[in-house]
Every structure is written in C-alpha cells, then in structure tokens.
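>>> From the sequence below, what's the structure:
(chains A and B)
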Number of protein chains: 2
Amino acid sequence: MSTFVTWVLLSAILSLAVAAVLYWRIVGLNPGNDIMRELNKAIFEGANAFLKREYSTLVIFVIILAIIITVIPGLGWQTALSFVCGALASGLAGYFGMRTATLANARTTQAALTSMPAALRVAFNSGSVLGLAVVGLGVLGISVLLLLFTQVFGAKLGVTLDQYILGFSLGASSIALFARVGGGIFTKAADVGADLAGKVEAGIPEDDPRNPAVIADNVGDNVGDVAGMGADLFESYVGSIISAMLLGFLAISGVAGADAMKAALFPLLLAGAGIIASIIGIAYTNAFTSSHPHAALRNGTFISAVLMAVAGFLLVGYFWNDIGQTWGIAIALVAGLGAGTAIGLLTEFYTSADFRPTRYISDASRTGAATNIISGLSVGMISTAIPVVLIGLTILIAYAATGGFANNAMGLFGIAVAAVGMLSTLGVTLAVDAYGPVADNAGGIAEQAHLPSGVRAITDQLDSVGNTTAAIGKGFAIGSAALTALAFFAAYSAKAGIGSIDLMSPVVVISLLIGAMLPFLFSALTMTAVGHAAQEMINEVRRQFNEIPGLREGKEGVKGDYKTCVDISTAAAIKRMILPGLLAVAAPIIVGLLFKYLELAMNGGQNLPNVAGGAEAVGGLLAGALASGVMLALFMANAGGAWDNAKKFIEQGGLMSEMRNRHGDDWQGEVMKDLSPVEQENYAKYVSSETERVTGEGGSFDKAEADQTRDDFIVAQLSKGSDPHKAAVVGDTVGDPFKDTSGPSLNILIKLMSIVALVFAVLFK
Amino acid sequence: MSTFVTWVLLSAILSLAVAAVLYWRIVGLNPGNDIMRELNKAIFEGANAFLKREYSTLVIFVIILAIIITVIPGLGWQTALSFVCGALASGLAGYFGMRTATLANARTTQAALTSMPAALRVAFNSGSVLGLAVVGLGVLGISVLLLLFTQVFGAKLGVTLDQYILGFSLGASSIALFARVGGGIFTKAADVGADLAGKVEAGIPEDDPRNPAVIADNVGDNVGDVAGMGADLFESYVGSIISAMLLGFLAISGVAGADAMKAALFPLLLAGAGIIASIIGIAYTNAFTSSHPHAALRNGTFISAVLMAVAGFLLVGYFWNDIGQTWGIAIALVAGLGAGTAIGLLTEFYTSADFRPTRYISDASRTGAATNIISGLSVGMISTAIPVVLIGLTILIAYAATGGFANNAMGLFGIAVAAVGMLSTLGVTLAVDAYGPVADNAGGIAEQAHLPSGVRAITDQLDSVGNTTAAIGKGFAIGSAALTALAFFAAYSAKAGIGSIDLMSPVVVISLLIGAMLPFLFSALTMTAVGHAAQEMINEVRRQFNEIPGLREGKEGVKGDYKTCVDISTAAAIKRMILPGLLAVAAPIIVGLLFKYLELAMNGGQNLPNVAGGAEAVGGLLAGALASGVMLALFMANAGGAWDNAKKFIEQGGLMSEMRNRHGDDWQGEVMKDLSPVEQENYAKYVSSETERVTGEGGSFDKAEADQTRDDFIVAQLSKGSDPHKAAVVGDTVGDPFKDTSGPSLNILIKLMSIVALVFAVLFK
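Next up is the predicted model:
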C-alpha cells in the first residue's frame, strides 16, 4: 500500500510545486504603469480583506463542528481531524487561487501590450495555479490521512475509509458552502450596490475609481468565479475520490481472492494519473499558445483527456484484470470523462448568442420585459432536459458496464469511477475555467488605465473566450456535482446498513417531498439575501460620499474607504448565508433523528427491519434534494447565462445582423414590415418630427432623407439603449442572482447534504 | 353489496337532480337589458364553439386510445369501456358547468340591481351546478360500472377494481389534461391577444365589443377557471375514490375474517355521504346569504365539513370496528378534510395583498421590473415550504394512525382515505371556487352595460371575495392532486407486483431524475405555447379590422366574427397541447418498456427479482415527477397570484396607504425621505417645472403650492400608471401563464402519469 500511496503523494507534491513555480513567475512579471499597479493593489487588498473576515468566521464554525464530531459516539477525534484538514485544504486552495488571480489581472493587461499569446499565458497560468492547487491539496490530504490512520495509528482500512476520511470531504463541503453562497452574495451585492450607488445615484461612470464599491465589485468577480468555483470543484473532486475508494472497498470485500485494498487505492491512483495528465496539458497550452486562444485552451484539455484515458486503461488492466473487470471499469471511466465535456458543450449551446435559444430571448425582448422574462425562464426550463438524460445515460453506462445489473455493489463502484473520470483532469479544466475572470478583470484595467485600443482588443478576445469557458465550467460543475452527490448517496446507502430505501414506504416519499422542497427554499433565501446585501452596500457608499470631503468630486489624493465596502459586503454575505447554510447541514440530521424516534415510538421501541425509519427517511431526503436541486441548478444557471448573452447580443447590434442574415440586402425594408404596432407608432412620430426638422431648416424631405430616417430609426430601435435593450437589461438583472448566487450554490447544497448524511449516518441507526 | 351501491347511486342521482333544479332556476332568471343579453349570448355561443371544436378533436383521441387498450393483453374491452365512460363523464361535467356559468353571468349582474344576497345566490348556484355535476357524475360512473362488471357480467371484485374501473380514472385524466392545458393556453392567448390587438394596436378600450377577441377573452375565463378547474378536480375526486377502493380491498384481502368487499365499498360510501353533506352546505348558503358574502360561503363549506366528519365517524364505526381500525381510519379522514382547508388558507396568505409576501412584491416594484420579478420568484419559491410540510404531515398522520408502521398495506389505505376525506365535500368547495369567474364576468358586464354604480359596487365586492376563493381553490387543487397522485402511486406499487422501488438502485435514481425533469420541460412547452397562440390571435384581429368594413369604427350593425377568434384560440390551444400531452402519456410507457427490455438484455432474458427493471423504473419516474411537479405547481401558482395582487394593490393606492399606516399623519414627509435616487431626480425636475408654470402664470411658488406639488408627485409616483405600477404589470404578465397555464397543468401531469402507469402496469412485468 505504502508504495502506491507514495507515488500518488509524489504526483500531488509535483502538482503543488508546478503551481508554486507558475505563481512565482506571475509575481515576477511587470504589473504595468502606476494606475494599473494601484488598481491591482486595491483589488488584491480587497480580496485579502474578504478572506480575513471570512476565515475568522469560519474558524469558529470549524472548531464547534469538530468538537461535536469528536464527542458523537461512533465518530471521534479521527473524523474530526480529517474534517479540520479538509476545511484547511479547501481554504488554502481558495486562498492561493484568489491571491494569484488578483495578482495576475494587471500583469495580463501589461502582457497584452506585447502580444495576445503572452497575455493568454499569464491569465491561463493564473488559472493553472488554482487548478493545480485544488488537485494537489486534495490528493495530498487524502493520501497523508490514509497513511496516518493506517500506518501510524494502525487503524483498519475499512474504518479509515468508512469513517475517518469522510471527515475530509465534510470539511471541504462546509468551506465550499461558505465560499459559494457567501461569494455569490458578495459579488452580486457589490455589483448591484456599486451600479446603483455610483452610476445612478452619484452620476459617475461605471468602474470609476472614486466609487469605493467598485473595488468590491472587482473583488467579487474573483471571490465568486475563482474562489467559489474552486471550492465547489475541490469538494466534488475530493468527494468523488473518497466515495469511490469506499465503494471500491465495499464492492471487492465480498469477492473471494480479490484484494480490497487495491480496489480502495485505485481511485486515488486514477487521480494521481490525472494530475500528471493535467500538468502535461497545461505545459502544452503554454508551449503552443497560437493566435487562437480558444483552440489553445481546448487542445490542452483534449490532450490531458486522451492521456488520462490511456493512463486509465493501463491502471485498469493492472488493478482489475484478476477479477475480469477490465473493460467495465475502463468504460465507466471514459463515460465520465466524456460526459463532463458533453454537458459543458450543451451549456454553451443554451447560453451562447451563437445558438438559437439565446437569440430567441433577444428576439422576445422586442415585445418588452415580460416576454424577455418568460422566454428566458422557458429556455432555462427546457435546458434541463438533455443534460439530465445525459447524466442518466452516464450513470446507466457505468452501472451496466461494470455488471451492476447482476452485482449492485460493483455497479455502484462503476458510477463512482465515472465521477472520478469526469473530475480526473480537473487540474487543467479548472485552469481553463479560472482563466476567464482574470481576462475579464484585465480588460477592465486596460479600460481604466487608458491603454491603446489594441490592448483592449486583445483582452476583449480573451474575455469572449472566457465567457464560453465560464459557461462550460458552470455546466461541468453541475454535472460533476450530480455524479458526486450520487456517489455519496450510494456510499450512504451502503454505510447506513439499510436493506433498501423503498419508495413504496410513505416515510421515504414524505422525506423525498421535503428534500425536493429544500432547493426551492434555499434559492429563495439566497436570492433575497442579494437584495438586502446590495441595499447595505448602497447605504455605505452614500455615507462615504457624504462624509469624506472631495471624494465625490475626485479631488487629488482623496481615496474612498474601499476596505469598509469590502468588509460590509463580506459581513452581509456571511450573515445572510447562515440560514441557508444551517438548512443544508441541519436538514438531514433533523429528518434522520425525527423518523428514527418516530419509528421506535410507533413500534414500542423496536427497530423493525421492514419498516422505514430514520436512515431510510434521510435517503429519501437526499434523493428529493438531488432531483429538484439538479433541475433548479441547470434552470437557474442556464437562464441566467442566456439572459446575460441575449443582452450582450443586442448591445453588439445582433438584432440588426439577424435581420440582415434573414432578409439579405433589403433587410431594412423587411424590418419595417415586421414592426409591432408600438414600433409603427413610434416610427410615424419620428418621421413627422424629422420632416418638421428638415423642412424647418429649409430643406425638403426627399427619398434620401426618408431612407436615412428609416435607417436611423432601425438602429435606435434595435441597439443599445433601445426598448428591446432595456427589456434585455431586466432579464440580465434577474439572471444575475440566478447564475452567480442561487444556481451555483445548489451544487454545494446537494453535495453537502449527502456528505452530512454520510458522516452522521451512525446517528440514524 | 348491491344495497350499499344503491344508496350511493341514489346520492349521486340526488346530486344531479339538485344540479338540474339549480340550472333551470338560473335559466328562468331575467338576463337583463339588451346589451346584457347580447353580451351573454356572445359569451355563451363562444363557449359552445370552443367545446364543439375541443370535443370533436377529443373523440378521435378517445377512440384511438380505447382501441389500443382493448387489444393490449391483460387489459381488454372492460377497461376500454370504463375509459370511454370516464372521458364522457368528465366532458359532461365540464359542459354543464361551463354552460351554466356562461348563462349566469348576466343574470348575476341583473340580480345585483336588487340586492347583494340575490346576486351572490345566482353566482354561487352557478358554481353549485358544476360542483354537484362533478361529484354526481363521478360517483354515478363508478357505481354503475361496479354494478355492471360484478353483477351483470359476473366479474370478480378484485379484477374489477384492479383493472376495469381504473379505465374510468384514465378517461377522466385524459380529458382533464386537454381541458386544463388547452383551456390554459386558450384563456391566456385570448387575454394577451385581445389586449395587444385591441388596446395597443387599434387604440380601442379594454373589453370593447368591437374587438372580436374580447368575447374569446370572456370565454377564456370560463374555459380556464370553470371547465379546466372542474375537470382537474373531477379527476382528483374520481382518482382518490378508485385508488382508495383498490387499496382498501388489497389491505383487507390478507386479514382473516374481514370482508374485503366492505373495505372496497367504504370509500364510495364516504363519497356518497360527502354528496349529502355538500347539498346541505349549498342549501345553507342559499338560505343564509347575509351581507357578508365571504362569511356565507365559508359557513356553508364549514357546515359540510362538520357534517362530513360526523357521517364519516358513523360509517367508520359501522365498517371498521370489526378489525379494530375505527380510530385510525377516522383520524385519516379528518386529517385529509383539514389539510385541504389549511393548504387553501396558506395559498391565500402567499397571494393576497392583505399579507406580507404580496406587499413585499409591490414594495419591490418601486425599484423596477427586475426587483419585482426577483421578489415574485422568491415568494413563489418560499411558498412551497409550508404546504409541502403540511402535505407530508397529512400523509404521516394518515399512515401512522392506521398502523402503517406495522402494516404497510393498511397505512397506504389510510393515505388514500385522507385523499378521499380532502375531496369528499368537493360538491360545495368546487361551488365556492367556480362562483368566482361568474362574479368576475358579471362585473365586466355591469361595466359594459353602463349600469348604476351601486351594481358595480356589489359585483366588485363579490369579485374580491371570488379572488380569495380562487386562490384557495388553486391551493386545494394542488394539495388534492399531490395526495391523489400519491394514492395512485401506492396502488401502482401494489399492482405492479414489485417487492420494492429501491432508491439504492441506479435504475430508480436515473428515472427519478428524468421524472423530476419532465415538469420543467412541460412548463416550458406550455409557457411558449401561450406566446405563439397569442400571436395567431393578434393576426386574426388585424385581419378582421382590415377586411370587415366599419368594424373598427364601430358602425351600427357591423359585428366582428368572434366565432373565428374563438375557433382560432381553440385550434391553437389544441394544437399546442399535443406535445406536452404526449409527453405525459408516453413517458411512463417508454421508460417502463425501455428498462424492462434493458434488464432482460443484461441478464440473458431473465427477470431477476433483486434487480430493478421496467416496473421499478416507472416507480422512480412517478416519484421524481411528483416531487418536482408539486414544487413547480406551488411555485408557479403562488408567484403568479402574488404578482397579480401586487399589481392590483398598487392600482388601488396600496403603496400610499402602506406609507400612511407606517408613518401616520406626516406620511408624505416620510415618503420623501425614502425616495430612491431616481425618484429624487424626478422630483427635482417636477418641482422646477411646476415652479416655472406657477411663476409663468404670474403666481408665486409658496408653501401651499410646494405641498400640493409634493402630494401630486407622490400620487403620480406610487399609483396606477407610475413606474412601480409599470414594473408590477411586467410581473403580472409573467405571472399569467404561470398561474393560469403552466402551474395548474402540472396537477394533471402528475396525476395522468400515475394513472397511465397504473393502467399499463401489465406491460412492464
């Protein structure tokens, strides 16, 4: 065992070493001129202020939960220790990722002065630090704990997997919930607060440095899209590996002549191989950054996936040949690898303005905000269908290929292997995903530092690719959360020691319904939290403008107190996420205990084997939360993404080019035929006012004037600032908490509930 | 047996007789002056045009499905016959209810010339015709089929309940789907189409008789809220009775010395007792219509419920004493009776402007359409929590009280009894519910016929009570659909002959996920259908205005072709509901067959007992659809209702009275302190323009002028036509398909899928 784990440990250390090298290379780059340095410093300090406040709150939470875990009979200090390590590792990964991203912003802008590939490399390497830190710390934590418990403390492998190491996953999940929910509230509160207090109230432009909330807004991008996404996927990564190890151990324990330890270590070795494949993919992207950033990123990911498949086949042959499972496990692995990519691409289809769904929304904006909202909600709802079928197909293939129809335990392990397969190359997929916010911030810095337009063109190109990779990343996060939660669920069923979780029992159906309700309640709480937090931000900006002389006027040397803004956003975010957070942690425990004692009470203190009690009720709860949580997460993320891009499409003149594509040269004439009654009325008014103006100036309203009037009208009617654009802005604003707060938080909800149930399963027996 | 069934038959015939008497009394009333007669006739003819078109389509569907059922081995002509009867009975109930409602509109208006109680009686008795027709036809159909199969054809009770009579429920469900989805699309297409083509495009007022789509809009109210709601609850009513009969039979079959036939007949006798209780309640409301319409309606319902509880206790004592189940069954019955009311009242809380949630939305409208939408979505999502817990509690009480923790079959019967209890007084609850649209239309007729303002005041009062009862009715419909679907589900598990539907099997989890996705897909399809159908309506109105000379100008004697408008709305509705309808019918059959053959293929043609196959997969599918369907139905219905009332609240000056309540006499000063930046800017502009105007007229802008300016500004800023009002209109428009199309259709989706699975269960074995 030690030999295998040592190899895995080495891959984790290599991962962290590469991350460190990339980090120092970024630090050593030129962060640009004074304005850029100042912006960079402000964002960096803001991010640190956020982390300091967040972590000081979390320390209390972690200590309390660690004590509770220690004193619960059947858990103990070993699980508590793993829990603290998991929380620490998740926190560290988020910290490194965010620190790097906030340092890389300005350096990416500066590199764009040289060339596009140079800028791409900085942004991508910043993402790589997060990706490699996540996988490195995840594998390191699991390996060290495994060695510690089995080799140092002499615990059996069974109890180590079944109890102790699960704490690591619980720690990662708890921190992830804070990072995702808190981060989601932070970023949208800052975004909305800065816009309303600055642009609308004080009348200063967007991203103006005088507005003390702008820094909070910039910090928010990193908090949500870098640290939040990193913690989310750290949890999925760690969870899929740990549940696969446990399910592998259980599946093999009953097979005569097979080595259960090998089965348990196999997922960890897959992860190790994935790390090496990711590092090679990252190196490839660095070496061959062509002028097509999308191609460079895609090829790096693709190479890693192919290498991973090859390595996986070799490992499978070595580990599983003796019990004749070679092909089954290999198919499960490849199914997982492929499904992650496919779900990501589907997300792109539903949210990119290159495809029909988003164009349908921008078209619906022509009849007002209500039709924009209805069409966005419809697109979001429809977008659940194919991804869910795809997730189902992946589960089915992994289960059937490993012979689950004859041997359920082996089939469940197959599903867990698919989840590990999907996440095995996380090092590079997360790098691609976390590159987006850096490119986005780099563009903002270029704008504020008044750099040449060529720089902005490069960052725009990088940002546009970043939007695509962000959409893919969101789909990937949901898909992997579903598979990981399912693997947890399978592990829970195995661990809770129940014969079945039977939907024919009303106890299971009741808890299924309550479980299905929780994601709705959770989403409502996080959505309203954004509104309240934004209001607090507005009040703070008002106060600073009133109390700091010269701030509003932009007097030389007067600076806003952006740290307080960041702290307010942080405090509000953390305060507002307590209730949703408690919901996730408490619901499985309350339902489990309630139905446990109810069953005992109904049967005179007996625990009848054929009657559903606490453990079965928790199973129903998890299944309900998984079912409605996955749908809501897909619905909210995709509706939000589609609204965002429908608005951008209109801003870029998309409605007009649509018409040109549809009708060719005489498109203006066709547009006029298509006008709605309101538009016709507006046109008539516009023509008469133009006629008046022209004749008033002594001219005559001839054909050329009429054509010009018509064309001006069309442009004003269909582009930025027009009524359709205003309608699209409403959709975009509704979509903000959908896609950046509530939707992504649901990923954590379903995983956290499952791991809580898994760790505390001992209570429900 | 015959004696019992004869008594029940008599109650059904009494119900239909009372309905006939009430109908003829309404027909005999004075429909008012010429304008009222004409409006009445137009709506009546429009409704008939709709029904003719709908039923000629449905006949084809019914014939095809009847043939399929006949040829499937294990089903046969008996099930097909029941199916045709169920479809016929549902169609007849809807026809009588709608016919009465469309005759009662103008007569209610005319009665309001006399007194409020007189008008209340007409509207309420119209609703009573629907209520009594639904329960009378439901019980009549089940009783006659039961006698026919067992007494005439000599079939055994087991196969009659287990196979033949289920067809009656399937027939009712199929028609209900068309009535609800088609009706929902019809009414919103006509509503939106009439508004856009008339008000906006042709510039004629709302409800103007020149607009040929206005009649379609009026017809739509009856189609959706009378016929749609009636078919929905007919299905729940019939389904709860039939599934309780089957589950009662199965629960008792294994008990030594107990009479399974008595158990099977018990739910039918409960329904018979409920009919008598309903008739007494209706009589009470007729006799004691005080000047408080809400109290009269509530007391009638309350008296029926108490009578039903008493009758239920007597029946329980007679039927269940011998096996010691008296208290258990009685508690289940009362739990169901109570839960229906409680869920209705909760709906009122979430959707009435008398309570915080809706006021929160109207307050959020002050910051624009986006915050209006976000707050409405949040309220809708939060509103799922307590009703779901309440449904769970009802299931748990019914299950535990009947000893389900020790004897699962008996507990499942207990749940079915709770569903029957909830629906037993449907005669009167549906009467109260269907009274609303009549009062609503009566108000519209009073307005168009220029009757004295006292008449409008009376109909307004009735309408306002009608809004409350409609909200309660919607909540009741969802709650009863959930319980009925659950009873179907229990019956399915029993009939499919499977040991368990185990969530530990991935096959069940996959189909659970797909089941949870279907309500999202279904909602998206119905929501987009409304948009497309409304567009077709607009085109037709445009055509008529262009092609019928004098129509737009309101020339004497020129009438619009409203029948074509009705037909277009009908055709579009029926066309657009085929895909969602097929989804509901086909999904369980496809999933069942797919997994059946997959299991066989994986196990070399064997059907292993411990492996989940087609039957288990369908179980997972139903559970998933139930879980997410109930949430979405509550979410959409309540969000839509709250948006609607938030808009009405603003129109009635609610934002100002809120401020007055909060701040007392100096409320205007407080409003000014609370202004948002945009409002402050608008105020400054308004003050300067007023100052200019006053000084321009030679006056001076003194304190009195300033105060007046301020007060005028507040009124314009917060009431009808203001920006908050416009934002609230956006929410109301989004809410229209939510609450009247997609949300209510989900009730049918979950019931129809369950009954399809139940009838076709023979295919999955």
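
>>> so where is chain A shaky, pLDDT-wise?
Within chain A, the stretches with pLDDT under 70 are A:1, A:199-203, A:206-207, A:290-291, A:604-611, A:674, A:676-678.

>>> could you point out the longest helix in it?
Determined from DSSP state H, the single longest helix within chain A is helix A:453-496.

>>> got the contact list for residue A:161?
Going by Cβ atoms under 8 Å, 6 or more residues apart in numbering or on different chains, residue A:161 touches A:242, A:245-246, A:249, A:264. The way it works is simple: take the backbone N, C-alpha and C, and place the C-beta from them, glycine included.

>>> Ranking by neighbours, what's the top pick from these?
Using other Cβ atoms under 10 Å in any protein chain shown as the neighbour test, those are led by residue A:242, with 34 neighbours.

>>> How about the contacts made by that one?
Residues in contact with residue A:242, defined by Cβ under 8 Å, 6+ apart, are A:142, A:161, A:165-166, A:168-169.

>>> Looking at the residues you listed, spot the one nearest residue A:180.
Comparing the contacts of residue A:242 against residue A:180 with Cβ to Cβ picks out residue A:169 as the nearest, at 15.6 Å.

>>> I'd like the contacts of residue A:242 as a markdown table, with secondary structure and distance to residue A:721 appended.
Formatted as a markdown table, the contacts of residue A:242 follow (DSSP: H, G, I helix; E, B strand; the rest coil; distance: Cβ to Cβ, whole Å):
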| residue | secondary structure | distance to residue A:721 |
| --- | --- | --- |
| A:142 | helix | 54 |
| A:161 | helix | 60 |
| A:165 | coil | 57 |
| A:166 | helix | 55 |
| A:168 | helix | 52 |
| A:169 | helix | 50 |
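
>>> Just the buried ones from those, in PyMOL syntax?
Here is the PyMOL command that selects the buried residues among these (16 or more other Cβ atoms under 10 Å in any protein chain shown):
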select buried, chain A and resi 142+161+165+166+168+169
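
>>> Please save the CA atoms from stretch A:233-245 in PDB.
The C-alpha coordinates for stretch A:233-245 follow below in PDB (Å, rounded to 0.1, in the frame of the first residue of the first chain):
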ATOM      1  CA  LEU A 233     -14.900  21.700  -7.600                       C
ATOM      2  CA  PHE A 234     -12.500  20.900  -4.800                       C
ATOM      3  CA  GLU A 235     -15.400  19.400  -2.900                       C
ATOM      4  CA  SER A 236     -16.600  17.400  -6.000                       C
ATOM      5  CA  TYR A 237     -13.000  16.200  -6.600                       C
ATOM      6  CA  VAL A 238     -12.300  15.100  -3.100                       C
ATOM      7  CA  GLY A 239     -15.800  13.700  -2.700                       C
ATOM      8  CA  SER A 240     -15.700  11.600  -5.900                       C
ATOM      9  CA  ILE A 241     -12.300  10.100  -4.900                       C
ATOM     10  CA  ILE A 242     -13.300   9.300  -1.300                       C
ATOM     11  CA  SER A 243     -16.700   7.800  -2.200                       C
ATOM     12  CA  ALA A 244     -15.100   5.800  -5.000                       C
ATOM     13  CA  MET A 245     -12.500   4.500  -2.600                       C
END
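
>>> Next, work out how far apart the most centrally placed residue in chain A and chain B are.
In chain A, the C-alpha nearest the mean C-alpha coordinate belongs to residue A:229, at 4.1 Å (Cα atoms, centre = their mean). As judged by Cβ to the nearest Cβ, to the nearest Å, residue A:229 and chain B stand 23 Å apart.
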